[in-house]
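1. The following block contains a protein sequence and its predicted model.
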Amino acid sequence: MSKGSDLDRVTAIVLQEMRRPLTILLCVNALGIAVMVMIPGVEGEGMGIFHAFYFMTYTATTTGFGELPSEFSDGQRMWATVCLYMSVVAWIYAIGSIIRLVQNPHFILALAQSRFAKAAARIREPFFIVCGFGDTGSLLARGLSDQRLNAVVIDTDIERIKALRLRDYSVPIPGLEGDASVPKNLTDAGIQRNNCKGVVLLTGNEDVNLKIAVMTRLLNPKAEIVCRSTSRAHEEELRGLGSVVLADPYETFARELGFALHKPPLHTLDEWLVGAPVNLSNLVSYPRGTWLLCGYGQLGRWLYRSLSDWGVKVVVIDPDPNATSEVAEQVTGLATRANLQLAGLAEAVGVIAATNDDSSNLAILLAARSINPHASLIVRQNSHENELAFNAASADLIMQPSLVTARRILLRLISPMIQELLEYLEEHPQSLSEELLPRLTAAVDQSSPALWTLQLNAQQAPAVHAYLANHEDYQLGHLLRDSRHRERPPEAVALWLRRGAQRLALPPEDTRIVTGDEILVCSSQTARGNIHANLSNPYSLHYLATGEELPRGWLMNWLRAPAAKTR
Amino acid sequence: MNLEKVLFGFFIVLALTLNVAFVVGDIAVPDHHNIWLLFAAVVVNLIATILKLGDRSQTGALLLATALVADLQLIASSLIWTFADTTAGLDALATATIVSLAVGALVANIVSVTLLVSDTLISGR
């Protein structure tokens, strides 16, 4: 058998299933016609082949229509009765076969696959393949849709794919039920196409993730691989594939929590960039002192390390006495009221409920509040479904490992420059992030922020390219202004600039832009549209730079030329 | 206020209004359609086309396209008038054809004015 496309497979299944019913229909009709021709009519002559064919056609499909074209003889009537029963049985059989075919699971699967491949092939913009549509996967898909980035989803669970189809995304996100480690499914998703920018591996099984990563590297060496991973052994293997971005949900969570406690502006900025509803002007800061950490599993370990690195004193409460050898202070047992008091909650500044069970976390929260109402409460939410209960618990900070991971991956997919920016801000004094926040708020003004990359090349910004070729320089601040209100400050904030190997953090307004620059910009969605329109409009660009309108058209140019000369 | 924009807008809108002036009336009655109006419409349309030449923006390209369509239809219309007038005289059939072509040009002119207005509103300066 040839290794044809899904469409070929669908056709093949239809042909195979319909072969027998069609043959039977054909035989019944041929027999009916042949005998009908032979039987003599009222006038003695039998009907011709054409009339017999006409008779069989209307008899078979309508179970009788009358005696046409002329009245029948008794012999013909007898045969007509036989034909009628024969053809009814044949038709019922054929129709039954069609219904069986439509219900055939292989047929349904082949059809779904071919639809998915077609939907994926329709995507012309850069897109990502998301393998695994669990909590993290669905949060990521939502984020991608908010940023108007295209994606396709593969998951082994049909229920999740059905759920995906019901979502109202701003861009179409086709989903396929299937194993993403099967190369056929990856090629259907379009992994070998040029606009496939990357593959995100979020299946629950680390072995499957590794397998998909290997397939991806083989099928498309240029695609970026972003993989959720919690096991060190797998990370080593994944790193061996080259240019793999690893996202450990626990490590990310611990890092974010560290920022939330010690670098609130950076944490707020990070949250705000991914569209979380945070208030930039109202920064939460946490008191310094002893923290109680309830639960010392994989996440607890990361949290302990992260908090210890920041120099925070942590008391761990965990039922397993052996798991916590590296911990200085520990209370062995479940995080009950008594144990919380034993661990010194009355003097502690806060509690982190980080077990992998949502109801225990909520119970810890309630117990902790009744013992020490002033303590800050940070809670880990495991399942996205429990959102309402957690919101009602009014903790100071709710953190979901899946959400944190999805955001980290989303920022990475929007632009690798965001990571560079965040690392830069992390290394520099906190005042830098504090200054940036009001600038961003002013530029975006209430609406949800859009993070995008301004690429100053000949394809994406033809007018800028032409301008730079003719004139000496153009300032970044001019490019980011609204062409209707030149006098107003820029409506977008440039966060990061890449020029070859050069990097420039928070480029100032008077930066001279050069063809080939890549600039990470944060603005409102409207401003993004305006700036994009200017990139290909030479008149707007010139107006923004100089404040004067260029004459449009040759005639006006020619009329203006002598005036310019005399000036 | 920009004198260039006034001039540009003036000719584009005048092309539309003259076109309307020629077209109104019963389609097949020669007396309802003054040939001098057609002449003026052709001239003003050609001027508008020349003004639109050489605009490098997206809207500029579309504006030029509409102007070319209007020119084509109006010139075809005046050619038919010349032919009919010099041979059999203006009958109902010839008049209907001339006016129909002018109506086509009218549509192109409406598109042109719509583009001009919306571009001005969007760019806002």
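-> Sure thing, it's come through.

2. and the nearest residue to A:Asp510 once chain neighbours are set aside, what is it in contact with?
-> Spatial nearest neighbour of A:Asp510, excluding adjacent residues (CB to CB, 6 or more residues apart in numbering or on different chains): A:Gln475 at 5.4 Å. Quick note: C-beta positions are derived from backbone N, CA and C, even for glycine. Neighbour list for A:Gln475: A:Glu509, A:Asp510, A:Thr511, A:Arg512, A:Ile513, A:Ala545 [criterion: CB atoms under 8 Å, 6 or more residues apart in numbering or on different chains].

3. And these, which is closest to chain B?
-> A:Ala545 (14.1 Å; CB to the nearest CB).

4. which non-adjacent residue is nearest the closest one?
-> Counting by CB to CB, 6+ apart, A:Ala545 lies nearest to A:His478, which is 4.9 Å off, once chain neighbours are set aside.

5. Hmm, the one you found is touching A:Leu544, no?
-> Yes: taking CB atoms under 8 Å as the definition, A:His478 is a contact partner of A:Leu544 at 4.6 Å.

6. Based on its surroundings, how many neighbours for B:Val13?
-> Counted with other CB atoms under 10 Å in any protein chain shown, the neighbours of B:Val13 add up to 17.

7. which SSE is it in?
-> helix B:3-23 (DSSP states H and E).

8. Following the chain onward from that helix, which element is next?
-> Following helix B:3-23 toward the C-terminus (DSSP H and E): helix B:35-52.

9. Which strands or helices does that next one pack on?
-> Under the contact criterion of 3 or more CB pairs under 8 Å, 6 or more residues apart in numbering or on different chains; DSSP states H and E, helix B:35-52 touches helix A:554-566, helix B:3-23, helix B:58-86, helix B:92-123.

10. switch the cut-off to 7 Å
-> Using 3 or more CB pairs under 7 Å, 6 or more residues apart in numbering or on different chains; DSSP states H and E, the elements in contact with helix B:35-52 are helix B:3-23, helix B:58-86.

11. what about A:Asn339, distance to chain B?
-> 65 Å (CB to the nearest CB, to the nearest Å).

12. ok, that residue - contacts?
-> In this structure, A:Asn339 makes contact with A:Ile317, A:Val331, A:Gly333, judged by CB atoms under 7 Å, 6 or more residues apart in numbering or on different chains.

13. I figured the first one hits A:Ala343, correct?
-> Yes: A:Ile317 is in contact with A:Ala343 according to CB atoms under 7 Å; the separation is 5.5 Å.

14. excluding its backbone neighbours, what's nearest A:Leu342?
-> Going by CB to CB, 6+ apart, A:Leu342 has A:Val331 as its nearest residue, at 5.3 Å.

15. can I assume that neighbour sits in a strand?
-> Yes: assigned with DSSP: H, G, I helix; E, B strand; the rest coil, A:Val331 falls within a strand.

16. for it, what are its contacts?
-> Here A:Val331 is in contact with A:Val315, A:Ile317, A:Asn339, A:Leu342, A:Ala343 (CB under 7 Å, 6+ apart).

17. change it to 10 Å
-> A:292, A:294, A:315-319, A:324, A:338-344 (CB atoms under 10 Å, 6 or more residues apart in numbering or on different chains).

18. I'd like the helices and strands packed on helix B:35-52 laid out as a markdown table, including distance to A:Asn104.
-> Below are the helices and strands packed on helix B:35-52 laid out as a markdown table (distance: least, CB to CB, whole Å):
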| stretch | distance to A:Asn104 |
| --- | --- |
| helix B:3-23 | 62 |
| helix B:58-86 | 51 |
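
19. Figure out which of those helices is closest to chain A.
-> Across the helices and strands packed on helix B:35-52, closest to chain A is helix B:3-23 (CB to the nearest CB), at 5.6 Å.

20. Any part of the closest one near chain A?
-> Yes: contact of helix B:3-23 with chain A is found when judged by CB under 10 Å from any CB of the partner chain, involving B:Glu4, B:Lys5, B:Leu7, B:Phe8.

21. Now do the same for residue 115: its pLDDT.
-> I went with chain A, as the question did not name one. Per-residue pLDDT puts A:Arg115 at 89.

22. meant chain B actually
-> 94.

23. can you check A:Val284 too?
-> pLDDT, A:Val284: 68.

24. so where is chain A shaky, pLDDT-wise?
-> A:1-7, A:63-65, A:275, A:277-284, A:322-325, A:562-567 (pLDDT under 70).

25. Number of residues surrounding the nearest residue to B:Leu106 once chain neighbours are set aside?
-> Nearest residue to B:Leu106 in three dimensions, chain neighbours excluded: B:Asn19, at 4.7 Å (CB to CB, 6+ apart). Counted with other CB under 10 Å, residues neighbouring B:Asn19 total 28.

26. Next: A:Gly96.
-> 11.

27. any idea how far it lies from A:Thr11?
-> According to CB to CB, to the nearest Å, A:Gly96 stands 21 Å off from A:Thr11.

28. And for A:Ser447?
-> 49 Å.

29. who's more crowded, A:Ile317 and A:Ala343?
-> Neighbours were counted for A:Ile317 and for A:Ala343 using other CB under 10 Å; A:Ile317 has more, 28 against 23.

30. Surely that one touches A:Tyr296?
-> Yes: contact status for A:Ile317 versus A:Tyr296: in contact at 8.0 Å, counting by CB atoms under 10 Å.
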